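Chemist: 3D model of this:
(chains A, B and C)
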Amino acid sequence: MIENAGHPNRLGVKGWVVGGRWGLERYLYTLHRVTGLGLLAYFLLHIFVTSSRALGRAAWQRSMQAVAGPLFELGEYLVFAAFAFHAANGIRLVLVELFGAVGPAIEPVYPYRTSLDVQRPLAIAALLLAAVVAVLGGLDFFLLGGE
Amino acid sequence: MRDQRLWTWQIAAGGLVLLLLGAHMTVMHLDALVGAFNPAGGRPIDWANVVARGRTVTFFVGYVLLLGAALVHGLIGLRGILLELGPPADLGRALNGLLLVAGAGLFVLGTWAAWASFLLSRGS
Amino acid sequence: MATTEVVLRIRRFDPSSGGPPRWEDVPVSLAPGMTVLDALRWIKEGPSPTLTWRSSCRMGVCGSCGMFINGRPRLACNTQMADLHSTIVSVAPLPDFPIIRDLVPDLARMFDSHAALAPYLIRGDREEQERPTREYRQTPEEMERYLQFSYCIKCGCCLSACPTYATDPAYSGPMPLAQAQRYNADGRDGGFAARAAVLAGSRGPWRCHYAGECSRVCPKGVDPARAIQLLRRDLVLGALGLRRLRRPAPVVEAPRETRRRPDIPEAPTPSVTRV
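Modeler: Down below sits the predicted model:
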């Protein structure tokens, strides 16, 4: 094992956010991570809130009262939108990582066309899908009187 | 733990979450557009609708599966993010144990709630 | 001809001084076709003789001069000053590697990770490998499965661009993983099982999330992001027993008898004879 020497020079967590000038896929990675953590945080609380239904009507209605109001409604919509993005991008990631959407190895000829270019239409499709679902959810949440 | 095995389980669970959470979101948040599984009318979160869904085997099984798959997918993801920060080895091992215990605990809580709700709905 | 003045903002670090790294601004007159490496050499030959960096071929094939230029990992010899379109050009050592001095990163961790993934042909026939008598059979189509990944010059730019490598000390990084795939996909190799055992753990591709920056910055078009996804797929399918097993390519005898193809004419009689 060669000894590591020299002044520390690691970007650290900043490297998740700032690593130079980025491509679309780097932003999608960051957003996938942010939405994942947001969904997880909501989900853990959601388990507790919805478990109250086991204790009967009164307990359920108390729980629902606790999470009523415009701020919570906006928050719930953000969770819905986060799900729309995370799911669509997740589908794209599974296709890329397991189903060969990166394309086969080629002879690289300058200017290089990488797997990022090959899967770019898939990334655009995923974003469009996420946008459509988020808009439909927005209609339901805010215009058609749903929740 | 073998990172390969955990990643494979995370992706498999993700696929299941996609289907089940997609259905759950449709029932709860696309009700005005699609209108599925809210037979009592009104809002999806009204008690009458909660009971109407909770009494069916489909929803009971579905909720338990969704709970398990979402916990597997989310907590393995959280583990990955936290381990990427490069904690020392013993903290990493403690994290594995903590997430396993927390996940198991939440699964028990949620399954109990689904089961109790199932019985309550059928009894009333 | 009008000359353009550009300021090179260079990250200096002298380990013997005891101080932290600092920026030093040096004005440079651009000459046509000047690369960042040319500018550094001009600076060393003039205003700042102690400036230190690694370089060798100055034509983009050795991988020595990887640096963080205007916020992006690039080869200094491959980067035209004029293409940067900025009056201040920042030049820093590749991030995510400790700094030895000035623009010289310590690449030991990269090479350690690389070596740990057995980046060489693993076969049963050691004698033939050590003292070859014949060639291994490989069609052009079989070679295309790994050729792209073999163009890697080990410059380290991809590791600097990777968000996971920025925080995770256990992650191998794009180059070692792409090189593992280069050998796994090589029909002459029989080491998939051996590498798979190492790659199942934290040295594997499991912390890659396809941010894709490695492929964007690669100066040789190696596309490590593609290699890593193909590696991941092979490992998962292999673990599930769904991967087609392939024996390493056999040796082939050299042809003993040759016949001229009918459409190739005979050589003319030589006009120069041996005395």
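Chemist: For C:Leu207, give me phi and psi.
Modeler: Not quite, residue C:207 is Arg, not Leu. Here is the backbone geometry of C:Arg207 (degrees, to the nearest 10): phi -100, psi 0.
Chemist: any idea of the pLDDT on it?
Modeler: Here the pLDDT value assigned to C:Arg207 is 96.
Chemist: gap between it and chain A?
Modeler: Distance, C:Arg207 to chain A, using Cβ to the nearest Cβ, to the nearest Å: 12 Å. (Each C-beta comes from the backbone N, C-alpha and C, glycine too.)
Chemist: Pull the contacting residues for that residue.
Modeler: When contacts are counted by Cβ atoms under 8 Å, 6 or more residues apart in numbering or on different chains, C:Arg207 touches B:3, B:80, B:84, C:164, C:168, C:171.
Chemist: quick one: which of these has the most company?
Modeler: C:Tyr171 (25 neighbours; other Cβ atoms under 10 Å in any protein chain shown).
Chemist: Format the contacts of C:Arg207 as a markdown table; extra columns: secondary structure.
Modeler: Conversion of the contacts of C:Arg207 to a markdown table gives the following (DSSP: H, G, I helix; E, B strand; the rest coil):
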| residue | secondary structure |
| --- | --- |
| B:Asp3 | helix |
| B:Gly80 | helix |
| B:Glu84 | coil |
| C:Thr164 | helix |
| C:Asp168 | coil |
| C:Tyr171 | coil |
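Chemist: Let's have these in CSV, adding distance to chain A and pLDDT.
Modeler: Listed next are those as CSV, based on distance: Cβ to the nearest Cβ, whole Å; pLDDT from 0 to 100:
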residue, distance to chain A, pLDDT
B:Asp3, 14, 95
B:Gly80, 10, 96
B:Glu84, 8, 95
C:Thr164, 9, 96
C:Asp168, 10, 92
C:Tyr171, 12, 95
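Chemist: Tell me which two in these are the farthest apart.
Modeler: Taking Cβ to Cβ, the two most distant members of the contacts of C:Arg207 are B:Asp3 and C:Thr164; they sit 12.2 Å apart.
Chemist: Tell me which helix or strand B:Ala70 sits in.
Modeler: Using DSSP states H and E, B:Ala70 maps to helix B:57-83.
Chemist: returning to what we had before: C:Gly19: which of the contacts of C:Arg207 is nearest?
Modeler: Distance to C:Gly19 across the contacts of C:Arg207 (Cβ to Cβ) is lowest for C:Asp168, with 29.1 Å.
Chemist: how about the closest one, what does it touch?
Modeler: Counted by Cβ under 8 Å, 6+ apart, C:Asp168 has contacts B:83-86, C:207.
Chemist: burial measure for the nearest residue to B:Leu71 once chain neighbours are set aside, as a count.
Modeler: Nearest residue to B:Leu71, sequence neighbours excluded (Cβ to Cβ, 6 or more residues apart in numbering or on different chains): B:Gly103, at 4.8 Å. Taking other Cβ under 10 Å as the criterion, the count of residues near B:Gly103 is 18.
Chemist: how about the host helix or strand of B:Gly103: buried residues?
Modeler: B:Gly103 belongs to helix B:89-123 when elements are defined using DSSP H and E. Under the neighbour-count criterion of 16 or more other Cβ atoms under 10 Å in any protein chain shown, helix B:89-123 has B:92, B:99, B:103, B:106-107, B:110-111, B:113-114, B:116-118, B:120-121 buried.
Chemist: repeat for stretch C:55-63
Modeler: C:55, C:58, C:60-63.
Chemist: Check whether the worst-scoring helix or strand of chain B on mean pLDDT comes near chain A.
Modeler: None of the helices or strands of chain B scores lower by mean pLDDT, DSSP states H and E than helix B:47-54, at a mean of 90. Yes: for helix B:47-54 and chain A, the contact criterion (Cβ under 8 Å from any Cβ of the partner chain) is met by B:47, B:50, B:54.
Chemist: counting contacts, what elements does that helix pack onto?
Modeler: With contacts defined as 3 or more Cβ pairs under 8 Å, 6 or more residues apart in numbering or on different chains; DSSP states H and E, the packing partners of helix B:47-54 are helix A:57-66, helix B:89-123.
Chemist: Including mean pLDDT and distance to B:Gly22, could those helices go into CSV?
Modeler: Listed next are these as CSV, based on pLDDT from 0 to 100; distance: least, Cβ to Cβ, whole Å:
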stretch, mean pLDDT, distance to B:Gly22
helix A:57-66, 94, 23
helix B:89-123, 94, 19
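Chemist: who wins for proximity to C:Glu141 among these?
Modeler: Closest to C:Glu141 of the helices and strands packed on helix B:47-54 is helix B:89-123 (Cβ to Cβ; 43.6 Å).
Chemist: Enumerate the residues of chain B near chain A.
Modeler: B:11, B:14-15, B:18, B:21-22, B:25, B:28-33, B:43-45, B:47, B:50, B:54, B:67, B:70, B:74-75, B:77-78, B:81, B:85, B:106, B:109-110, B:112-117, B:120.
Chemist: buried subset of these?
Modeler: For the residues of chain B next to chain A, buried by 16+ other Cβ under 10 Å: B:11, B:14, B:18, B:21, B:25, B:28-32, B:43-45, B:47, B:50, B:54, B:67, B:70, B:74-75, B:77-78, B:81, B:106, B:110, B:113-114, B:116-117, B:120.
Chemist: C-alpha coordinates for stretch B:71-91, PDB please?
Modeler: What follows is stretch B:71-91, C-alpha atoms only, in PDB (Å, rounded to 0.1, in the frame of the first residue of the first chain):
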ATOM      1  CA  LEU B  71     -38.700   1.000   4.100                       C
ATOM      2  CA  VAL B  72     -36.200  -1.300   2.300                       C
ATOM      3  CA  HIS B  73     -35.700   1.100  -0.500                       C
ATOM      4  CA  GLY B  74     -35.500   4.300   1.600                       C
ATOM      5  CA  LEU B  75     -33.400   3.000   4.400                       C
ATOM      6  CA  ILE B  76     -30.900   1.300   2.100                       C
ATOM      7  CA  GLY B  77     -30.700   4.600   0.200                       C
ATOM      8  CA  LEU B  78     -30.200   6.500   3.500                       C
ATOM      9  CA  ARG B  79     -27.500   4.100   4.500                       C
ATOM     10  CA  GLY B  80     -25.700   4.600   1.200                       C
ATOM     11  CA  ILE B  81     -25.800   8.400   1.600                       C
ATOM     12  CA  LEU B  82     -24.500   8.300   5.200                       C
ATOM     13  CA  LEU B  83     -21.800   5.800   4.400                       C
ATOM     14  CA  GLU B  84     -20.600   8.000   1.500                       C
ATOM     15  CA  LEU B  85     -19.700  10.600   4.000                       C
ATOM     16  CA  GLY B  86     -16.900   8.300   5.100                       C
ATOM     17  CA  PRO B  87     -17.600   7.600   8.800                       C
ATOM     18  CA  PRO B  88     -15.100   5.400  10.700                       C
ATOM     19  CA  ALA B  89     -15.700   1.600  10.500                       C
ATOM     20  CA  ASP B  90     -17.300   1.100  13.900                       C
ATOM     21  CA  LEU B  91     -19.700   4.000  13.300                       C
END
